[in-house]
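**Q** Provided below for reference: sequence and predicted model.
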Amino acid sequence: MVEDHAHHFRFNRQIYGFGGTIKILIGVDNSKKITGTKILEHLETPGLGERITEDEFLEQFVNKPITLQANEIDAITGATISSTAIIDTITGNVNRISEYIESELMVINKSLVKNAST
């Protein structure tokens, strides 16, 4: 069964922060917990909004369920728009991420069952 195996999924999103486009990579496992986040590209203000790339901010998401609430993550002081954009990206895509994981796990399960019976 799939529960015996760890599966990881990556989601790329493009959002808008204070300074412009932010490209983010979100890692999620089969239990729908966030395994990591990475800012791939941004145009945020140096010294303020660019702090969204710091481990101190990004590590807050790790091991949180994708159904996390915005108040579970501390926004960056002075960079509320940038940090809120990241938080909203995850909380706003819960259904899409969840549906994708469920469909992928069904395919994986079918494959495992088929291979076990041969």
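**A** Perfect, I can see it now.
**Q** Tell me how many other residues crowd the closest residue to Ile24 other than its chain neighbours.
**A** Closest residue to Ile24 in three dimensions, ignoring its sequence neighbours and counting by Cβ to Cβ, 6 or more residues apart in numbering: Arg13, at 5.2 Å. (Each C-beta comes from the backbone N, C-alpha and C, glycine too.) Neighbours of Arg13 under the rule other Cβ atoms under 10 Å: 18.
**Q** So for the helix or strand hosting Arg13, what gets flagged as buried?
**A** With elements taken from DSSP states H and E, the one containing Arg13 is strand 8-16. Judged by neighbour count using 16 or more other Cβ atoms under 10 Å, the buried positions of strand 8-16 are Phe9, Phe11, Arg13, Ile15.
**Q** The last one contacts Ile87, correct?
**A** Translated: Ile15. No - Ile15 is not in contact with Ile87 according to Cβ atoms under 8 Å; the separation is 10.3 Å.
**Q** how about stretch 51-60: buried residues?
**A** Buried residues in stretch 51-60, counted by 16+ other Cβ under 10 Å: Arg51, Ile52, Phe57, Leu58, Gln60.
**Q** can you put the residues you listed in CSV and add pLDDT and distance to Gly36?
**A** As requested, those are exported to CSV (pLDDT from 0 to 100; distance: Cβ to Cβ, whole Å):
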residue, pLDDT, distance to Gly36
Arg51, 96, 17
Ile52, 96, 14
Phe57, 96, 12
Leu58, 96, 7
Gln60, 95, 11
